[in-house]
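**Q** Return atomic coordinates for the entry below.
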Amino acid sequence: MTSAQPPLADNDCYLALKARDARFDGSFFTGVTSTGIYCRPVCSVKTPKRENCRFFSHAAQAESAGFRPCLRCRPELAPHSVVWSIQDASYILAHQAARLLDEPELSDEAPSVEKLAARLGVSDRHVRRIFEAQFGVSPMQYLQTRRLHTAKQLLADTSLPITQVALISGFASVRRFNAAFVEHYKLNPTQLRRQGVSDAGHINGTAPGITIRLGYRPPYDVAAMLGFFSKRTISAIEFVAADAQHPSIGRTFRVESGGKVHAGWLLAAFDETRSRLVLNVSDSLREVLPLVIRRVRATFDLDADPAAINSVLHAGFPQGDGLRVPGALDGYELAVRAVLGQQITVAAARTLAQRMVDRFGEPVQTPWPQLTRLFPAPAMLAAASGDALGQLGIVRQRQAAIVGIAQAVADKRLQLHSGADVHATLEALKALPGIGDWTAQYIAMRALRWPDAFPAGDVALHKAMGVQGLKNPAREAELASHAWKPWRSYAVIRAWSGTLERPG
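**A** Modelled structure (predicted):
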């Protein structure tokens with residue numbers, strides 16, 4: 001078995017460790033041979049001696065080498081490492097496999113190497129070989145670490161019963177869960193819960209529900225992210241609180257998993273001094289917490305690697321280093337709202353979406369008077385008549401697109417989340433009535449979390465890039481955008497924000 005190399009040379013990793021540099025949080029982990037423990041670069045413990053340090057690209061490598069996670073810095077809180085560099089085919093395939101293992105949207109069935117290989121269209125032997133060559137561990141070892149990290153976070157940050165934590169985290173039985181915990185961490189779950197002291201609730205005070213923490217790498221332009229959502233806020237399903245110290249967003253939403261629909265709410269508050277998001281989630285969503293956590297990470301783009309992105313985009317967008325791509329808690333909702341926004345202003349699209357929620361949204365109980373409804377369910381809009389949609393001011397072409405999306409999602413023919421196949425989903429979207437390339441690319445950027453989406457026909461983008469008025473602005477924008485690959489989604493957000501600097 002060969003080990004994957006860390007993103008930095010060992011000496012550079014040690015310098016980042018000494019500086020407790022949050023920019024590298026989650027990009028590597030440090031195993032300390034004198035203690036048998038591995039840490040994040042931001043850990044507050046005394047810096048170990050250089051000769052006692054081993055560096056790993058992934059937590060699974062550290063655990064496979066016999067190191068236990070630090071109870072102080074808690075490696076499970078680190079942002080994930082997302083790699084989109086253009087490399088050889090084996091590299092790309094290995095990272096696609098890891099992405100599928102990381103995606104709770106795809107875990108309704110018990111995962112296996114055989115199922116993973118079938119999704120990737122290769123043999124299970126080939127998947128094992130390229131995965132171990134890239135990550136230094138087998139696919140199942142990688143998955144085991146992810147499950148243990150999920151369980152460790154829930155044990156430390158919540159009061160959920162241990163039996164429930166085991167099942168939510170993906171373990172088939174409590175016995176297997178306990179055995180895996182003792183084997184990897186030398187503690188049983190009860191002992192870890194007693195040792196793990198959480199301060200997760202200090203921001204949201206006595207906010208109800210389950211409270212957990214999610215880390216991100218700075219720089220992060222929180223004001224820009226909240227401003228983006230604030231301009232698109234729909235009353236009754238979301239609100240943005242621009243508190244100077246801990247700005248936050250409240251939302252209602254539904255999650256479908258295992259054939260069951262779970263509805264509830266969340267409150268996400270930024271703790272910028274600690275580079276993390278403090279999340280409160282309703283008890284009604286406890287059975288799908290890993291899925292909720294994954295969606296929240298995607299919604300606020302918490303796993304972005306600014307260093308990698310800015311190495312490509314900083315020269316053209318020197319003021320945009322902290323900008324992230326806003327995602328969506330519900331890809332179906334984002335797709336419907338994208339259709340409503342075709343060729344009209346953001347304010348006009350928000351008005352149409354507000355009417356739709358008022359007319360078709362389901363009531364829901366929450367602790368906040370601002371949150372009283374859910375976005376209309378797919379089955380509701382799939383059955384909506386043209387007259388009912390027309391009365392909201394929605395033109396006929398967009399009516400067909402909305403109904404088409406809702407029917408495809410309700411029938412499970414269309415998956416709109418970060419685990420979906422990007423190119424196949426783009427083609428499926430464009431095959432629906434009223435869905436063109438602009439809408440499909442916008443959905444890919446925000447719902448599918450594709451970092452290289454590029455709505456070449458966007459008028460605001462043409463204006464920012466200086467190609468407006470040319471014979472074929474979409475073609476000119478597409479050609480000019482190649483310099484921004486594979487981070488064109490981030491370039492679009494930066495161009496929309498006005499941070500693009502054009503020569504001359």
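**Q** what residue ranges in this structure score low on pLDDT?
**A** Along the chain, segments meeting pLDDT under 70 span 1-7, 82-88, 104-110, 194-207, 244, 502-504.
**Q** can you map out the strands along the stretch 51-200 of the chain?
**A** For the stretch 51-200 of the chain, the strands defined by DSSP state E, counting those that start in this stretch cover 53-56, 68-69.
**Q** what do you get for the chain?
**A** For the chain, strands defined by DSSP state E occupy the ranges 29-32, 37-39, 53-56, 68-69, 210-215, 238-241, 248-257, 260-271, 276-281.
**Q** In contact with residue 496: list those residues for me.
**A** Contacts for residue 496 (CB atoms under 8 Å, 6 or more residues apart in numbering) come out as 460-461, 464. Backbone N, C-alpha and C define where each C-beta goes, glycine included.
**Q** neighbour-wise, which of the residues you listed leads?
**A** Scoring those on neighbours with other CB atoms under 10 Å, the highest-scoring entry is residue 461 at 23 neighbours.
**Q** I'd say that residue and residue 442 touch.
**A** No: using CB atoms under 8 Å, residue 461 is not in contact with residue 442; the gap is 10.8 Å.
**Q** between those two, what contacts are shared?
**A** residue 455.
**Q** right, so of the strands of the stretch 51-200 of the chain, which gets closest to residue 299?
**A** When these are compared for distance to residue 299 using CB to CB, the nearest one is strand 68-69, at 25.9 Å.
**Q** The closest one pairs with which strands, parallel or anti?
**A** Applying DSSP bridges to the sheet, strand 68-69 is found paired with strand 37-39 (parallel).
**Q** Give me the distance between the partner strand and the centre of its chain.
**A** Relative to its chain's centre, strand 37-39 lies at 25 Å (CA atoms, centre = their mean, to the nearest Å).
**Q** Which residues does it contact?
**A** Looking at what lies outside strand 37-39 - CB under 8 Å, 6+ apart - the contacts are 29-32, 45, 56, 59, 62-63, 67-70, 72-73, 75.
**Q** Could you pull up the contacting residues of the closest residue to residue 441 other than its chain neighbours?
**A** If the residues on either side of it in the chain are set aside, residue 441 comes closest to residue 455, at 4.1 Å by CB to CB, 6 or more residues apart in numbering. Each residue near residue 455 by CB under 8 Å, 6+ apart is listed here: 437-438, 441-442, 445, 461, 492.
**Q** List the buried residues for stretch 174-181?
**A** Buried residues in stretch 174-181, defined by neighbour count with 16 or more other CB atoms under 10 Å: 177-178, 180-181.
**Q** Surely residue 29 is in contact with residue 62?
**A** Yes: counting by CB under 8 Å, residue 62 is a contact partner of residue 29 at 5.0 Å.
**Q** quick one, which of these two is more surrounded?
**A** residue 29 (31 against 26).
**Q** list the contacts for the more buried one?
**A** Shown in contact with residue 29 (CB under 8 Å, 6+ apart): 38-40, 55-59, 61-62, 75, 78.
**Q** Pretty sure residue 447 sits against residue 326.
**A** No: using CB under 8 Å, residue 447 makes no contact with residue 326, being 10.7 Å away.
**Q** In terms of neighbours, single out the busier of those two.
**A** residue 447 (27 against 20).
**Q** residue contacts, the residue lying closest to that one once chain neighbours are set aside?
**A** Leaving aside its sequence neighbours, residue 447 sits nearest to residue 331 (CB to CB, 6+ apart; 3.5 Å). Each residue near residue 331 by CB under 8 Å, 6+ apart is listed here: 415-417, 443, 447-448.
**Q** one more time with 6 Å, if that's ok
**A** Each residue near residue 331 by CB atoms under 6 Å, 6 or more residues apart in numbering is listed here: 416-417, 447.
**Q** if we can go back for a sec, what's the most distant pair in the buried residues of stretch 174-181?
**A** 178 and 180 (7.4 Å).
**Q** hmm, back to that, Serialize the strands of the stretch 51-200 of the chain to a markdown table and add fields for distance to residue 396.
**A** Output for these, formatted as a markdown table (distance: least, CB to CB, whole Å):
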| stretch | distance to residue 396 |
| --- | --- |
| strand 53-56 | 56 |
| strand 68-69 | 56 |
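**Q** The residue lying closest to residue 464 once chain neighbours are set aside and residue 273, how far apart?
**A** Take residue 464 and drop its neighbours on the chain: the residue closest to it by CB to CB, 6+ apart is residue 495, 4.0 Å away. Separation of residue 495 from residue 273 (CB to CB, to the nearest Å): 30 Å.
**Q** These two: who's more crowded?
**A** A side-by-side neighbour count of residue 495 and residue 273, using other CB under 10 Å, places residue 495 first with 24 against 8.
**Q** Please tell me how far that one sits from residue 186.
**A** Distance of residue 495 to residue 186, computed by CB to CB: 51 Å.
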